[in-house]
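# need a 3D model of the following:
(chains A and B)
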Amino acid sequence: MSGDIHTLAGAYALDAVDDLERTAFERHLAACETCRLEVAELRETAARLADDVPDNAALPAGLRERTLALAARTPQERVDSPTGRRLGGWRQWVAAAVVAAVAAAGSSAVTWALVDRNQPDRTVAEQTRRIAEVIGAPDARVFQGTIDGGGSATLVASAQRDQAVVVLRDLPSPGTGRAYQLWLIPTTGAARQAGLLPGGDTTATTVVGPLVDVQAFGVSNEPEAGSPAPTDVVALLPLE
Amino acid sequence: MGESGKDRVRRWRPVALSSPQAPSVEELLRQVGRGDQAAFASLFDAVIGKVLGLASRVLRNPQLAEEVAQEVMVQVWRTAARFDAERGSGLAWVLTLTHRRAVDRVRAEQALTDRTERVAAMDAQVPHDQVAEAVSARLDREQVRRCLGRLTDLQREAVTLAYYEGYTYRQVAERLDAPLPTIKSRMRDGLIRMRDCLGVTMGERA
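Numbers count the residues shown, from 1 in each chain, chains lettered A, B, ... in the order given. Reported below is the predicted structural model:
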């Protein structure tokens, strides 16, 4: 039954089913998460087949103008909670990144070894719990940016929890005797330091906050001991 | 933090948050989902060549392809908020809508015999402008061809007849004179082999 319907996955991804089968298969998908992943991958694969079709170089006259004008007077569908829905996926992604970071470090203590001057005794378990809470917050929003010289910064911020999870991946080496430092930049006033990576570290996952009045998150390259104010900023992520 | 605000501002070195080149299709879709008409114009320019190309390939008729392309782009505008980057790339999403609409149109027209006759005429009109193609597009195409070449004959025929010609698996089974369950299986295991060959994975997008 359910195993039988799933043999349609390939035909479904290729749009080679009739309407009845499509409906039946989509009902099957709604109840099967692993099937959804497989089908998403097969759909992506099927779409790659379009790479072997020449682009239509000649745009028919008037098509662009007609289409833009038509769109301009066509109302858009609103997804019920677009942010929440999209973040469902992002939460998974960040959670996966967190797990990967722990796995890559081998010893989780290394991964979590952000110097938190306010609460030096924070345990791994507690840090993990705080991360899960922020990522799972219903109002969590995701921001992404690139780092000068390579790597990425992803930030999941929850106004409700007044905290954000920061995932830094694959930053370039900060140089000998230097370290990356994290900052929260308020709408007015000086940047607040929000963490210092161990000297030379290029990957980190941590929680920063509070976020009240914060308009941007920054990463700077500083002497190993950290600086009172950012000097060499490598990433600035507006939080709005 | 003993610096004046002015000093600090001068020393900050903000980075471009989107790449200095054109914004990605995913980013454009997010903006379109919020009703941004300028982003929709950019998105149109970014994908229309592929949308028309795919519609033309399936429909074999420039007039129908143009109609489908326009419908698809308006559908993209209307439903952009549904796009979920975690489920796949933005271009794949647009092309999935395109393919679905093109095969629906093919079947509605019941024009399978008609289409066969039009192949020659249409092919002559399509500008195969290899020179103008970006290098990356050529590499993508070569990769698709190489991966198609690694399928068994039956897998390849089942997948390409469905995708490029818009046949249902029943029609494919008839054409290839093969049992239905076999064709269903070849479509699935063929796509799985393609997926692995192309390195398509979900959830790796940063």
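# tell me the contacts of residue B:31?
B:23, B:39 (Cβ atoms under 8 Å, 6 or more residues apart in numbering or on different chains). To be clear about C-beta, it is placed using only N, CA and C from the backbone, and glycine gets the same treatment.
# again, only this time at 6 Å
For residue B:31, the contact set (Cβ atoms under 6 Å, 6 or more residues apart in numbering or on different chains) comprises residue B:39.
# relative to chain A, how far out is it?
As judged by Cβ to the nearest Cβ, to the nearest Å, residue B:31 and chain A stand 12 Å apart.
# so that residue is in which element?
helix B:25-33 (DSSP states H and E).
# next secondary structure element downstream of that helix?
Of the helices and strands lying after helix B:25-33 in sequence (DSSP H and E), the nearest is helix B:37-59.
# so is that next one next to chain A?
Yes - interface with chain A: helix B:37-59 contributes B:37, B:40, B:41, B:49, B:50, B:52, B:53, B:54, B:56, B:57 (Cβ under 6 Å from any Cβ of the partner chain).
# could you check the angle helix B:37-59 makes with the helix holding residue B:31?
120 degrees (axes from the mean of the first three to the mean of the last three Cα atoms, to 10 degrees).
# identify each buried residue in helix B:25-33, please.
B:25, B:27, B:28, B:29, B:30, B:31, B:32, B:33 (16 or more other Cβ atoms under 10 Å in any protein chain shown).
# what pLDDT, on average, does it get?
Averaged over helix B:25-33, pLDDT sits at 94.
# any weak-confidence spans in chain B?
Per-residue confidence for chain B (pLDDT under 70) gives these ranges: B:1-22, B:110-138, B:203-206.
# quick one, helices of it?
Listed in chain order, the helices of chain B (DSSP state H) span B:5-11, B:25-33, B:37-59, B:62-79, B:90-109, B:112-125, B:135-149, B:153-165, B:169-176, B:180-198.
# CSV for those, including distance to residue A:206?
Formatted as CSV, the helices of chain B follow (distance: least, Cβ to Cβ, whole Å):
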stretch, distance to residue A:206
helix B:5-11, 23
helix B:25-33, 26
helix B:37-59, 33
helix B:62-79, 37
helix B:90-109, 30
helix B:112-125, 58
helix B:135-149, 36
helix B:153-165, 45
helix B:169-176, 50
helix B:180-198, 35
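# closest to residue A:135 out of these?
helix B:25-33 (19.9 Å; Cβ to Cβ).
# next, the angle helix B:90-109 makes with the closest one.
Angle of helix B:25-33 versus helix B:90-109, following the same axes, to 10 degrees, is 70 degrees.
# outline the domain layout of the chain.
This is for chain A. A:1-49, A:83-238 (automatic domain parsing).
# hm, I was asking about chain B
Split by automatic domain parsing, chain B gives B:22-126, B:130-200.
# so where is chain A shaky, pLDDT-wise?
For chain A (pLDDT under 70), the answer is A:1-3, A:57, A:79-129.
# can you give me the neighbour number for residue A:185?
When neighbours are counted by other Cβ atoms under 10 Å in any protein chain shown, residue A:185 registers 24.
# just put the domains of chain A in TSV and tack on distance to residue B:172.
Compiled in TSV, these are given as follows (distance: least, Cβ to Cβ, whole Å):
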stretch	distance to residue B:172
domain A:1-49	7
domain A:83-238	33
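# quick one: closest of the ones you listed to residue B:192.
domain A:1-49 (7.2 Å).
# can I take it that residue A:168 is in a strand?
Yes - assigned with DSSP: H, G, I helix; E, B strand; the rest coil, residue A:168 falls within a strand.
# so what's it up against?
Listed by Cβ under 6 Å, 6+ apart, the contact set of residue A:168 reads A:153, A:204.
# now swap in residue B:190 and tell me
Counted by Cβ under 6 Å, 6+ apart, residue B:190 has contacts B:151, B:155, B:159.
# can you give me the distance of residue B:35 to residue B:167?
Separation of residue B:35 from residue B:167 (Cβ to Cβ, to the nearest Å): 38 Å.
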